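J.: pasted the sequence and its predicted model underneath.
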Amino acid sequence: MSHDFPPGSVWLVGAGPGDPDLLTRKAERLIVAADIVFYDALVGAGVLALVPAGTEMVSVGKRSGRHSKDQVSINVIIASAALAGKRVVRLKGGDPSIFGRSTEEMDHLAANGIAVKICPGITAASAAAASGGASLTLRGLARKLTFVTAHARAGEALDLDWTALAAPDATLAVYMGRAAAAEVARNLIAAGRAADTPVMVAVNVSLPTERILRGRLSALAFLVETISDHDPSLLLIGEAVASRTLETVEETGFVSSRFASVGGD
Ligand SMILES: C[S@@+](CC[C@H](N)C(=O)[O-])C[C@H]1O[C@@H](n2cnc3c(N)ncnc32)[C@H](O)[C@@H]1O
């Protein structure tokens, strides 16, 4: 068994956006070596299929509005498995360090004397940009890249620094942003971001059901209207994801029905 995965230890493993081909080789090695795998709702079926038959699998999936296990319970069951001497993989969608609540789990494990390490994964923003044929940064035009979550507690307004987010030279990758898309657009425009700033909405990135929608910031609320609650979607906002990218895609003959456009593109 591998030297870096002794019994009683835990790896937080990034599962990437869903396509098993986007998993790192290290992630696959750890998944194969594990005695037990705890996985989130957004971990792709193709990734889960790599878990060997006979390995224990436990869903601790959390989906917006439908929390099947709270974070404290998840911390406790992961620690118990490690304390029972198992090699534990905690499989998280994308990269564990990006809106993955990895610190809570690591702190709890460390407090219980359990060794824990992180294996990074491809985050949704990287995968979305790749699927849309875009770059997240753009020389001279997009010098900053901000990852932001638009998830707010039920009934509460988003508490974000809209002035900072509205900087014209920033690309925003908005995670968990579908429900708040109208609020995001309204606040950014009110804070000075141009209404015709290009946006790209990436749904089910890297999965067979992937959709890439494009438009302008002023039309963001309309763009997300057809996206269901159950489909993970990421908003990319900024010049780097401009329609130029779509034209490039069209020029290469790559455009398909997965691509749609709203708001002047
Ligand atoms: C709790 S956050 C976890 C992010 C994850 N750790 C990552 O690095 O991608 C979940 C959000 O990530 C985004 N996301 C994750 N997987 C996605 C996918 N395959 N397609 C589009 N968005 C995705 C969505 O915004 C979703 O609501």
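T.: Perfect, thanks for sending it. Numbering: from 1, shown residues only.
J.: state the phi and psi torsions of Ile122.
T.: phi -80, psi 120 (degrees, to the nearest 10).
J.: what comes up buried for stretch 195-205?
T.: 196-205 (16 or more other CB atoms under 10 Å). C-beta coordinates here come from the backbone N, C-alpha and C atoms, glycine included.
J.: out of those, who's nearest the ligand?
T.: Val205 (3.4 Å; CB to the nearest ligand atom).
J.: of all residues in the stretch 1-150 of the chain, which one is closest to the ligand?
T.: Gly94 (1.9 Å).
J.: run through the residues that contact that residue.
T.: 14-17, 42, 100, 121-124, 127 (CB atoms under 8 Å, 6 or more residues apart in numbering).
J.: what's the end-to-end length of stretch 87-101?
T.: 20 Å (CA to CA, to the nearest Å).
J.: actually stretch 204-212, sorry about that
T.: 9 Å.
J.: residues of that stretch that come out buried?
T.: Of the residues in stretch 204-212, those buried (16+ other CB under 10 Å) are 204-207, 210-212.
J.: who touches stretch 96-106?
T.: Contacts for stretch 96-106 (CB under 8 Å, 6+ apart): 12-14, 71, 74-75, 78, 90, 92-94, 116, 118-121, 123, 147, 149, 151, 175-176.
J.: let's go with 6 Å and repeat that
T.: By CB atoms under 6 Å, 6 or more residues apart in numbering, the surrounding residues in contact with stretch 96-106 are 12, 14, 71, 75, 92, 116, 118, 123, 149, 175.
J.: out of the buried residues of stretch 195-205, who's near the ligand?
T.: Residues of those in contact with the ligand (CB under 6 Å from any ligand atom): 202, 204-205.
J.: switch those residues over to CSV; also include distance to Ala53.
T.: Below are these laid out as CSV (distance: CB to CB, whole Å):
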residue, distance to Ala53
Ala202, 33
Asn204, 27
Val205, 28
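J.: what about stretch 32-50, distance to the chain center?
T.: 16 Å (CA atoms, centre = their mean, to the nearest Å).
J.: show me what contacts Arg193?
T.: Ala166.
J.: please apply the same query to Lys26.
T.: Cys119.
J.: swap in Lys117?
T.: With CB under 6 Å, 6+ apart, Lys117 has these contacts: Trp11.
J.: please repeat the previous calculation with a cut-off of 8 Å.
T.: Lys117 touches 4, 9-12, counting by CB under 8 Å, 6+ apart.
J.: before we move on, what about Leu236?
T.: Contacts of Leu236 by CB under 8 Å, 6+ apart are 125, 128-129, 132, 134, 136, 171-174, 199-202.
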